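[1] Sequence plus predicted model, see below.
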Amino acid sequence: MTHFTGKVAVVTGAASGIGRALAVELGRRGAKVAICDVDTDGLAETQRLVAATGADVKSDRLDVAEREQVLVYADAVKEHFGRVNLVFNNAGIAFTGNVDEMGFKDIERIMDVDFWGVVNGTKAFLPALIESGDGHVVNISSVFGLFAMPTQSAYNAAKFAVRGFTESLRQEMLLSDHRVKVTCVHPGGIKTNIARNAGAAESRDQKELAHSFDKLARTSPEKAAKIILRGVERGKARVLVGMDAVMFDKIIRITGPGYQRLFARVGHRSGL
């Protein structure tokens, strides 16, 4: 028996990376798992891996930016399993470019998926989580929800927004009679495809950007999933994933707004 045995867990963005690793690890720990993503090929592989653990798994294509789809999906998951205990709002995309290089549509797309996707998933499933009497919302922000970096304004905006939204929700659940826990997750450099699949302004070399990210990514998705689930088991408000996330958190606490000049210099030397 584990903390997750018999519980129903929903994982968005489950076709690869942290989402896939979470789904598989939840299956290993005895959960029933609902997985979704826009990448149907990747999702099929995740379904196979989760099923191999012996877990009951439901797989669906879903664009978390499409609110009506998410609302219908939430009802379908509850109807299929009878209840929902945990939601991992993990789906996300990235885009690199200075503010003056990006179009409005570029920024809007990041916000639609990375912020509104989290809001949609939270709002759609919250009634079922409350009804379960044992609910947990786990929203994936980023270290870029702790500090800002040049060329990442849209991603920063979305991830800061996820942090604020999630921390406010946690307080609301603490003040209410609802037995719903809330956790905000801040992964550092994780070895996933997010950088290779990211968009970029026309003046940017996307392959070089992805290569640079890969050199900094030190934590495997599997290790990240175990760290996240340990935090969920403990009901933690905030989970930092990776030593880089822990280090950055300490730097921000020590330097305050002073980190901005420091990181701007680092960004300049890195060619951002």
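    Received, thanks.
[2] the helices in this protein, which residues?
    Remark: helices assigned in the chain by DSSP state H are 17-28, 40-52, 67-81, 104-110, 116-132, 153-175, 206-216, 221-233, 243-255, 259-269.
[3] which stretch among these comes nearest Lys58?
    Using C-beta to C-beta as the measure, helix 67-81 is the one of these that comes nearest Lys58, at 5.4 Å. All C-beta atoms are positioned from the backbone trio N, CA, C, and that covers glycine.
[4] so what does that closest one touch, helix or strand wise?
    Identification of packing neighbours for helix 67-81 by 3 or more C-beta pairs under 8 Å, 6 or more residues apart in numbering; DSSP states H and E yields strand 8-12, strand 32-37, strand 57-61, helix 116-132.
[5] gap between Pro187 and Ala245?
    Distance of Pro187 to Ala245, given as C-beta to C-beta, to the nearest Å: 7 Å.
[6] any residues in contact with both of the two?
    Common neighbours of Pro187 and Ala245 are listed as Val143 (criterion: C-beta atoms under 8 Å, 6 or more residues apart in numbering).
[7] now the helices and strands packed on helix 67-81 in CSV, with mean neighbour count and distance to Ile252?
    As requested, those are exported to CSV (neighbours: other C-beta atoms under 10 Å; distance: least, C-beta to C-beta, whole Å):
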stretch, mean neighbour count, distance to Ile252
strand 8-12, 28, 27
strand 32-37, 28, 32
strand 57-61, 18, 38
helix 116-132, 21, 22
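[8] Which of those sits closest to Arg234?
    Taking C-beta to C-beta as the criterion, Arg234 comes closest to strand 8-12 out of these, the separation being 16.5 Å.
[9] List the contacts of that closest one.
    Residues from elsewhere that reach strand 8-12 (C-beta under 8 Å, 6+ apart): 19, 22-23, 26, 31-37, 62, 64, 77, 81-91, 117, 121, 125.
[10] That strand: how far from the chain's middle?
    The chain centroid and the centroid of strand 8-12 are separated by 12 Å under C-alpha atoms, centre = their mean, to the nearest Å.
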